[in-house]
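K.L.:
Just to be clear, the model below is a prediction. Sequence and coordinates:
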Amino acid sequence: SQQGEEDPQALSIQEGENATMNCSYKTSINNLQWYRQNSGRGLVHLILIRSNEREKHSGRLRVTLDTSKKSSSLLITASRAADTASYFCATFRTGGFKTIFGAGTRLFVKA
Amino acid sequence: DGGITQSPKYLFRKEGQNVTLSCEQNLNHDAMYWYRQDPGQGLRLIYYSQIVNDFQKGDIAEGYSVSREKKESFPLTVTSAQKNPTAFYLCASSVTGLAGTYNEQFFGPGTRLTVL
């Protein structure tokens, strides 16, 4: 089964609003990463948060990690139409050798 | 320009044919990966390689084969044994495939394979 599962599957908001996406996972992890994918393109790495970190910021992105609940959230503030994309969380298990991707959240930002 | 490239962008295959997808990186990364993405779904790992001349099966390796003769190249062959090969294929690389700090992956633009 997938290690990471995103919620919601799809999200539609107005430009300027904040977008929050959540990710849950099942086993202990070394780190958790968020990626973005524009339609028909490759994935782009956004941010990596280690298991001993609780919050990380990068520009308009804020990622939190709660290892006790095995969950993470990605917040995009002041969203723009250009933020329209699919967002994936990916986990690297403790002692593992590969990164496991969730099914993604499709974000649509209306101008 | 440093990066990871895939070719071709679109590929059409007749049933019963083998086809090879190219993946090249000039990032000097040790680890390389092949993923398959079906519409509206996440990525599933086909094969990965942590170092030259070594590779491991991922979750859906049946019907696929790879080689890693050079650090910068990791071609994927989709064989006739793969019964449902129509999908979007993504290649990626990372500094290391081990449980280290810098294992974020850099992705190529993808190859869309269609079986006619």
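P.N.:
Here it is on my side, so go on. Residues are numbered from 1 along each chain as shown, chains lettered A, B, ... in the order given.

K.L.:
what's around the residue in chain B that chain A sits nearest to, how many residues?
P.N.:
Here the residue of chain B nearest chain A is B:Phe107; by Cβ to the nearest Cβ that distance is 3.5 Å. C-beta here means a position set from N, CA and C on the backbone, and glycine is covered the same way. By other Cβ atoms under 10 Å in any protein chain shown, 22 other residues sit near B:Phe107.

K.L.:
Quick one: residues contacting the residue nearest to it when sequence neighbours are not counted.
P.N.:
In space, and not counting its chain neighbours, B:Phe107 is closest to A:Gly42: 3.5 Å by Cβ to Cβ, 6 or more residues apart in numbering or on different chains. A:Gly42 makes contacts with B:6, B:90, B:92, B:107-110, as judged by Cβ atoms under 8 Å, 6 or more residues apart in numbering or on different chains.

K.L.:
Export these as a markdown table, with columns for pLDDT and secondary structure.
P.N.:
A markdown table is the format used below for these (pLDDT from 0 to 100; DSSP: H, G, I helix; E, B strand; the rest coil):
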| residue | pLDDT | secondary structure |
| --- | --- | --- |
| B:Gln6 | 97 | strand |
| B:Leu90 | 97 | strand |
| B:Ala92 | 95 | strand |
| B:Phe107 | 95 | strand |
| B:Gly108 | 97 | coil |
| B:Pro109 | 96 | coil |
| B:Gly110 | 97 | coil |
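
K.L.:
Mind checking which of these are buried?
P.N.:
B:6, B:90, B:92, B:107-108, B:110 (16 or more other Cβ atoms under 10 Å in any protein chain shown).

K.L.:
mind checking pLDDT for B:Pro39?
P.N.:
pLDDT recorded at B:Pro39 is 86.

K.L.:
Tell me if it really is in a strand.
P.N.:
No: counting by DSSP: H, G, I helix; E, B strand; the rest coil, B:Pro39 is located in no strand; its state is coil.

K.L.:
can you tell me the distance between the two ends of stretch B:36-48?
P.N.:
Length of stretch B:36-48, first residue to last, Cα to Cα, to the nearest Å: 12 Å.

K.L.:
before we move on, back to that, roughly how far does the residue of chain B closest to chain A sit from B:Phe12?
P.N.:
Using Cβ to Cβ, to the nearest Å, we find B:Phe107 at a distance of 23 Å from B:Phe12.

K.L.:
Show me which residues of chain B sit near chain A.
P.N.:
Residues of chain B lying close to chain A by Cβ under 8 Å from any Cβ of the partner chain are B:6, B:33, B:35, B:40-43, B:45, B:48, B:50, B:56, B:58, B:88, B:90, B:92, B:97-99, B:101, B:103-110, B:112.

K.L.:
at 6 Å what do you get?
P.N.:
B:41-43, B:45, B:48, B:90, B:99, B:104, B:107-110 (Cβ under 6 Å from any Cβ of the partner chain).

K.L.:
So in that sheet, which strands flank the worst-scoring helix or strand of chain A on mean pLDDT, and in what orientation?
P.N.:
Least confident helix or strand, chain A: strand A:4-7 with a mean of 79, by mean pLDDT, DSSP states H and E. Partners of strand A:4-7 in the sheet, by DSSP bridges, are strand A:19-25 (antiparallel).
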